[in-house]
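> fold the stuff below for me.
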Amino acid sequence: MAEWRVELLGPLRVSRDGHAVKLRTLQQGLLLAHLATGEGPLDRSETAASLWPEAERENALAYLRRAIMELRKTGIEIETPPGQISVDHRSFSSDIDELLRLPPDSFSMRPGVRLLDGADHPAADEIRIRLQSLLIKGQRRAAKKPGFEPSGREALNAWLGETLVRERPEIAIRLMEDNMPAMVGGFAMEPILDLCLNTIESAQTVDPPLIAIQGLAARLAQMLTRYSLAEKLHRRCIEDAESLGRIELAIRSLANLAFLQMELRRWPEAKATALRSVEEADRTGNVPAIETAHANLAGIQWHLGEFEDSVRNYRTAIEVAPEERRLTHIANLAYVEGVFGIPAGMDFRPSLRTFDDESYQTIADGYLRFACGMIDDDAVEAALGARLLVESTSKGTLDRLLCIALDCAAMALARLGRHDRAAACVRVGTRVRNDVAHARSPGEAIAIRRNVPTPYFGPGVARVLEGLDSDEPSRLGRAVIALL
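Purely as a prediction, here's the structure:
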């Protein structure tokens, strides 16, 4: 049996027994890449439509039959049971398979290497997205560190967390605040909120650490769409901070209250509160207050369609933010440029990180990857970022963030030319938003109109929607990821 090898890191290359094989068409190479790296047989009709998307169905199937015939002439044994295409994977090897089989401590991917480099074809994009997802899992596997048995580790961590919050709350809160972006993507929010609320209820006196705990609890409640609790905690923070003369804490709480008012779509009130927080922060010169106030005002501004003002305030937040929080502001600024086309005057690519980076933040990095793809008109990069966002936000009760991720998925699918799927994601996003009373803002509506210019109804859209009818976030997330 001949030994066939398909190399996909860099340009597509095919060899037999160590000798290069030249294929007549790009479609033949992509068909072989699909067969060699797939987990099972390919559907004949879907494969023909993918490789020749502009052709009529019968013509596409005829082109596929000819491609199979020519590949067989090179010696490749392609099997064609009814409606399917397959190969014997034992006769194939690929650089992707070898990379994924490496031990976790040896897994790495050369920076700057592009899958199927130079292959400009929708089917190549499908292969890139599928294989990049496999590589991401490999990078995650490489980034995992050995530890205790899960049950023992969880018990130990719970005890350490409760003891730290009880004995040294100022340290615990600083750790959680500094690592909030990573925590949102890596942990369930409810237990952290419960921990904060228990600490608040048992407090004997009001002091700065307690105010910090209240502020963190308010932001967690906001993420979980428990808006009434969040507003109560924000206002309590402002009152307690002012009573202690801690003006910087009061200003940050005021800025966070403004963002909550925006989440509740109380637009005039939100903007007025945000402008007041920026004025107070700039007057005092307190750096953490300046960062929070300008970043929250920037978010409110782009939601209102004030994109240039938003860019200026995000840049101010980036300039003063500590390293562990800067990425979130960078990702938001990149989103404004990528989605609305407003130049930000910043190169975002150097901020992209891989999963083996110890400081990787799932949601922020996915958001940035999506935005960079939109800026560079790289549909595959945008789709990968959207996929990461959907995966991260559909695991828990982060319904508000899932709404944003679904819109990103729709925009990425539109860039890939999958218009029925894009329209379906818009409609599913609208359904989820209605369920959590979180209608699209003026800016979010502009983003959809600008980046998903397609009818939102029709038989094709209806067929896609049939697979997106779940109300359970994780199941819905998996279905959307399959579209990407």
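> residue ranges of each domain in the protein, please.
Domain assignment of the chain by automatic domain parsing yields the ranges 4-143, 353-484.
> mean neighbour count, those domains: which tops it?
domain 353-484 (a mean of 20; mean count of other Cβ atoms under 10 Å). Placement of C-beta: from N, CA and C, glycine included.
> per-residue confidence averaged over that one?
The pLDDT scores in domain 353-484 average 85.
> next, the distance between the ends of it.
Domain 353-484 stretches 21 Å from its first residue to its last (Cα to Cα, to the nearest Å).
> re earlier: would you mind giving the domains of the chain as TSV with distance to Leu220 added?
Supplementary listing: these in TSV, determined by distance: least, Cβ to Cβ, whole Å:
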stretch	distance to Leu220
domain 4-143	25
domain 353-484	11
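> to Leu254, which of those lies closest?
domain 353-484 (20.8 Å; Cβ to Cβ).
> distance from the closest one to the middle of the chain?
Distance of domain 353-484 from its chain centroid, counting by Cα atoms, centre = their mean, to the nearest Å, is 9 Å.
> next: stretch 302-315.
21 Å.
> what does stretch 293-303 give?
Computed by Cα atoms, centre = their mean, the chain-centroid distance of stretch 293-303 equals 20 Å.
> can I get it as PDB, trimmed to CA atoms?
Extracted as PDB, the C-alpha positions of stretch 293-303 are listed here (Å, rounded to 0.1, in the frame of the first residue of the first chain):
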ATOM      1  CA  ALA A 293     -14.800  55.900  33.900                       C
ATOM      2  CA  HIS A 294     -13.400  56.400  30.400                       C
ATOM      3  CA  ALA A 295     -13.800  52.700  29.500                       C
ATOM      4  CA  ASN A 296     -17.500  52.600  30.600                       C
ATOM      5  CA  LEU A 297     -18.200  55.900  28.800                       C
ATOM      6  CA  ALA A 298     -16.600  54.500  25.700                       C
ATOM      7  CA  GLY A 299     -18.800  51.500  25.800                       C
ATOM      8  CA  ILE A 300     -22.000  53.600  26.200                       C
ATOM      9  CA  GLN A 301     -20.900  55.900  23.400                       C
ATOM     10  CA  TRP A 302     -20.500  53.200  20.700                       C
ATOM     11  CA  HIS A 303     -23.800  51.600  21.800                       C
END
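> in it, which residues are buried?
Across stretch 293-303, burial judged by 16 or more other Cβ atoms under 10 Å covers Ala293, His294, Ala295, Asn296, Leu297, Ala298, Gly299, Ile300, Gln301, Trp302, His303.
> ok, Glu167 to Gln214 distance?
19 Å (Cβ to Cβ, to the nearest Å).
> for the two, indicate the residue with more neighbours.
Gln214 (27 against 9; other Cβ atoms under 10 Å).
> the more buried one sits in which helix or strand?
helix 208-223 (DSSP states H and E).
> list the buried ones in the following helix or strand past that helix?
Per DSSP H and E, the first helix or strand lying C-terminal to helix 208-223 is helix 227-243. For helix 227-243, a neighbour-count test (16+ other Cβ under 10 Å) marks Tyr227, Leu229, Ala230, Glu231, Leu233, His234, Arg235, Arg236, Cys237, Ile238, Asp240, Ala241 as buried.
> to Leu249, which of the domains of the chain lies closest?
That would be domain 353-484 among the domains of the chain, by Cβ to Cβ, at 24.3 Å.
> where along the chain do the strands fall?
For the chain, the strands defined by DSSP state E occupy 4-7, 13-16, 19-20, 42-43, 78-79, 84-87, 92-94.
> identify whichever of the ones you listed lies nearest to Asp435.
strand 42-43 (33.7 Å).
> what helices and strands are in contact with the closest one?
When contacts are defined as 3 or more Cβ pairs under 8 Å, 6 or more residues apart in numbering; DSSP states H and E, strand 42-43 packs onto strand 84-87.
> and the strand it packs on, which strands flank it?
Using DSSP bridges, strand 84-87 pairs in its sheet with strand 42-43 (antiparallel), strand 78-79 (antiparallel).
> make TSV out of the ones you listed and add distance to Arg421 and mean pLDDT.
Formatted as TSV, the strands paired with strand 84-87 follow (distance: least, Cβ to Cβ, whole Å; pLDDT from 0 to 100):
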stretch	distance to Arg421	mean pLDDT
strand 42-43	17	88
strand 78-79	29	88
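> and of the ones you listed, who's closest to Glu337?
strand 42-43 (38.2 Å).
> not counting its own residues, what contacts the closest one?
Contacting residues not belonging to strand 42-43 are listed as His34, Leu35, Gly83, Gln84, Ile85, Ser86 [Cβ atoms under 8 Å, 6 or more residues apart in numbering].
> looking at those residues, which is nearest Pro209?
Out of these, the member with the shortest distance to Pro209 (by Cβ to Cβ) is His34, at 57.0 Å.
> the nearest residue to the closest one once chain neighbours are set aside and Ile85, how far apart?
Among residues not flanking His34 along the chain, Leu42 sits closest, at 5.9 Å (Cβ to Cβ, 6 or more residues apart in numbering). Separation of Leu42 from Ile85 (Cβ to Cβ) stands at 5 Å.
> common neighbours of those two, please.
Residues touching both Leu42 and Ile85 by Cβ under 8 Å, 6+ apart: Leu35.
> from Asp378, how far off is the residue most central in space within the chain?
Centroid check for the chain by Cα atoms, centre = their mean gives Leu389 as the closest residue, at 2.2 Å. Using Cβ to Cβ, Leu389 is found at 16 Å from Asp378.
> could you do Ala410 as well?
Taken as Cβ to Cβ, the span from Ala410 to Asp378 is 17 Å.
> please apply the same query to Ala317.
26 Å.
> swap in Pro209?
Applying Cβ to Cβ to Pro209 and Asp378 gives a distance of 45 Å.
> what about stretch 44-59, how long is it end to end?
Terminal-residue distance, stretch 44-59 (Cα to Cα): 13 Å.
> tell me the angle of the helix holding Gln214 relative to helix 227-243?
Relative orientation of helix 208-223 and helix 227-243, computed by axes from the mean of the first three to the mean of the last three Cα atoms, to 10 degrees: 160 degrees.
> can I get the CA coordinates of helix 208-223 in PDB?
The C-alpha trace of helix 208-223 is given here as PDB (Å, rounded to 0.1, in the frame of the first residue of the first chain):
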ATOM      1  CA  PRO A 208     -12.700  50.000  51.900                       C
ATOM      2  CA  PRO A 209     -12.200  46.200  51.400                       C
ATOM      3  CA  LEU A 210     -16.000  45.700  52.100                       C
ATOM      4  CA  ILE A 211     -16.800  48.400  49.500                       C
ATOM      5  CA  ALA A 212     -14.600  46.600  47.000                       C
ATOM      6  CA  ILE A 213     -16.400  43.300  47.700                       C
ATOM      7  CA  GLN A 214     -19.700  45.100  47.100                       C
ATOM      8  CA  GLY A 215     -18.500  46.500  43.900                       C
ATOM      9  CA  LEU A 216     -17.300  43.100  42.600                       C
ATOM     10  CA  ALA A 217     -20.700  41.600  43.600                       C
ATOM     11  CA  ALA A 218     -22.500  44.400  41.800                       C
ATOM     12  CA  ARG A 219     -20.600  43.700  38.500                       C
ATOM     13  CA  LEU A 220     -21.100  39.900  38.900                       C
ATOM     14  CA  ALA A 221     -24.800  40.400  39.400                       C
ATOM     15  CA  GLN A 222     -24.900  42.600  36.300                       C
ATOM     16  CA  MET A 223     -23.200  39.900  34.200                       C
END
